[in-house]
Every structure is written in C-alpha cells, then in structure tokens.
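Q: Got a sequence here, can you model it:
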Amino acid sequence: AYAFTNYRSQGQTISNTTVDIAQPPSGELTPFNVYVTLSRGHGRENTRLLRDFDEKPVTTHPNEYLRLEDRRLLELDEVTERWWEQRRKLIL
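A: Purely as a prediction, here's the structure:
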C-alpha cells in the first residue's frame with residue numbers, strides 16, 4: 001500500500017483504491033479535488049471511501065457566473081443545433 005496526492009495521481013488509473021476525501025491541508029475541498037480522487041479507480045466496485053466527506057463541493061455550483069455561463073452555452077448550443085437542422089432540410 002502507498003499514498004499520494006490527487007495532484008500526483010492525475011493521469012493514472014489504479015485497480016483498487018481507498019480514498020480519503022478530507023479537507024486538504026492547503027485549505028478547501030474543491031470539485032477538482034473530489035473528481036481527481038474518485039476518478040483514479042476502475043469503478044465504483046473497486047473504490048472505497050475511508051470516511052464520509054463534505055458533499056457541498058460536488059452538490060452546489062462553485063460560482064454563480066459560471067452557472068449562468070453554462071446556461072448561456074447550453075442555449076447557444078440549442079440555437080446552433082436548430083440552425084443546422086434547418087440548413088440540412090434546405091439542402092436535402
């Protein structure tokens with residue numbers, strides 16, 4: 001058994017993992033920390049949590065401006081899809 005930080009684990013996949021999603025010494029737990037930590041394993045069956053963790057970083061949007069931008073981009077994507085669908089119908 002060995003341990004390493006989520007920074008060190010980026011790009012690696014580990015067969016069986018036991019993860020500790022605790023408040024890091026550097027300050028706050030971010031969605032990035034949680035994502036990198038949980039995504040190193042092959043799947044839910046091979047990943048064990050060492051303890052409960054604060055779900056807030058993964059259940060709330062990190063920033064209102066980013067949430068609004070996500071919505072704007074989704075709307076733009078829908079408009080673009082409709083535009084291309086109309087173009088396709090004109091060509092056919």
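Q: shaky segments in this protein?
A: 1-11 (pLDDT under 70).
Q: so which helix or strand takes in the residue minimising distance to the centre of it?
A: A centroid search over the chain (CA atoms, centre = their mean) returns residue 35, at 4.8 Å, as the residue closest to the centre. Taking DSSP states H and E as the definition, residue 35 sits inside helix 31-38.
Q: repeat for residue 18
A: Assigned by DSSP H and E, residue 18 falls within strand 17-19.
Q: Name the nearest residue to residue 31, sequence neighbours excluded.
A: With sequence-adjacent residues excluded and distances taken as CB to CB, 6 or more residues apart in numbering, residue 31 is closest to residue 57, at 5.0 Å. Every residue, glycine included, has its C-beta placed from N, CA and C.
Q: residue boundaries of the helices in the protein?
A: 6-9, 31-38, 56-59, 64-91 (DSSP state H).
Q: List the contacts of residue 18.
A: Residue 18 sits next to 47-50 when contact means CB atoms under 8 Å, 6 or more residues apart in numbering.
Q: Need phi/psi at residue 29.
A: Torsion angles at residue 29 (phi, psi; degrees, to the nearest 10) stand at phi -90, psi 120.
Q: Would you mind measuring from residue 70 to residue 18?
A: From residue 70 over to residue 18 the distance is 33 Å, taken as CB to CB, to the nearest Å.
Q: ignore the last one, residue 50
A: From residue 50 over to residue 18 the distance is 6 Å, taken as CB to CB.
Q: Residue 31: neighbour count?
A: Around residue 31 there are 14 other residues, counting by other CB atoms under 10 Å.
Q: Hmm, residue 46 is touching residue 15, no?
A: Yes. Residue 46 lies in contact with residue 15 (CB atoms under 8 Å); the separation is 6.2 Å.
Q: so what's residue 49 bridging to?
A: residue 19 (DSSP bridges).
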